[in-house]
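Novice: Got a predicted structure here, sequence first:
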Amino acid sequence: QTAPGTIDDAGRPLLGPGDTFVAAGGGFGQKAVAYMTSTFDAPVYVTGDNTSISFMRSSDKGVIVQAQNANLTAHHDYFVAYTAVEPQSGTLVFNVYGFFVPGTAAGAFWFQNQVVPSVGSFTKSYYVYEWTDTNNDSLPNVGDTFTLVESN
C-alpha cells in the first residue's frame, strides 16, 4: 500500500482493471480495506464494540456471525476472505482477515492450503469461516477445524 500509484490519499485502490490488490489484515492496518469497507464496496465488513464483534453483509447490513470478544482467543476466531471490484478504478481487491490476529493467521493458512491448490472451485465473492484450534497448539494447521459459516 506504500508503493506510488497503489492507493490514493483516501485509501481507494488505483491499480485498475487487470491488476489485483491483495491485502492480508483488516482495515485497522490496511488502508484499502478500510476504504472498501467504508464505501460498502467490500461484500463483508466488520463492526463491534467492547463486548462483541460481527461480520456483516454489505448488501443488506445483515449479521453473518457475531461473537463475544471474550470467546475469541489464540484457539478460536473467525475470518473472511473476499474479492470485490473497486468501482471507480476497476481494481480487483482480494482480502483475508480475522476478527483478531489469530483469525487473520487462520485465514491466511486456509487460503494457502485450500484456495491456492484449487482456486477454480472457489466461485463465491466471499467466505466466512470459524476457526477452532482443535489440536490446541495456538497455530492454524491441518489439525484444526475450519467451519464454513456463510458464503455468497
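Specialist: Ah, there it is.

Novice: contacts, neighbours, all on C-alpha from now
Specialist: OK.

Novice: what sits against Pro43?
Specialist: Taking C-alpha atoms under 8 Å, 6 or more residues apart in numbering, we find Pro43 in contact with 57-59, 82-84, 125-126.

Novice: actually Gly98, sorry about that
Specialist: Applying C-alpha under 8 Å, 6+ apart, the residues near Gly98 are 25-26, 77-80, 104-107.

Novice: Mind checking which of those land in helices?
Specialist: Mapping the contacts of Gly98 onto helices (DSSP state H) picks out 104-107.

Novice: Output these in TSV; the columns should cover pLDDT, neighbour count and distance to Asn141.
Specialist: Below are the ones in helices among the contacts of Gly98 laid out as TSV (pLDDT from 0 to 100; neighbours: other C-alpha atoms under 10 Å; distance: C-alpha to C-alpha, whole Å):
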residue	pLDDT	neighbour count	distance to Asn141
Thr104	96	23	13
Ala105	97	21	10
Ala106	97	29	8
Gly107	97	29	11
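
Novice: which of the residues you listed lies closest to Thr132?
Specialist: Set against Thr132, the nearest of these by C-alpha to C-alpha is Ala106 (9.1 Å).

Novice: Could you look up the SS state of the nearest residue to that closest one once chain neighbours are set aside?
Specialist: With C-alpha to C-alpha, 6 or more residues apart in numbering as the criterion, Ala106 has its nearest non-adjacent residue at 5.0 Å, and that residue is Pro140. Assigned by DSSP: H, G, I helix; E, B strand; the rest coil, the conformation of Pro140 is coil.
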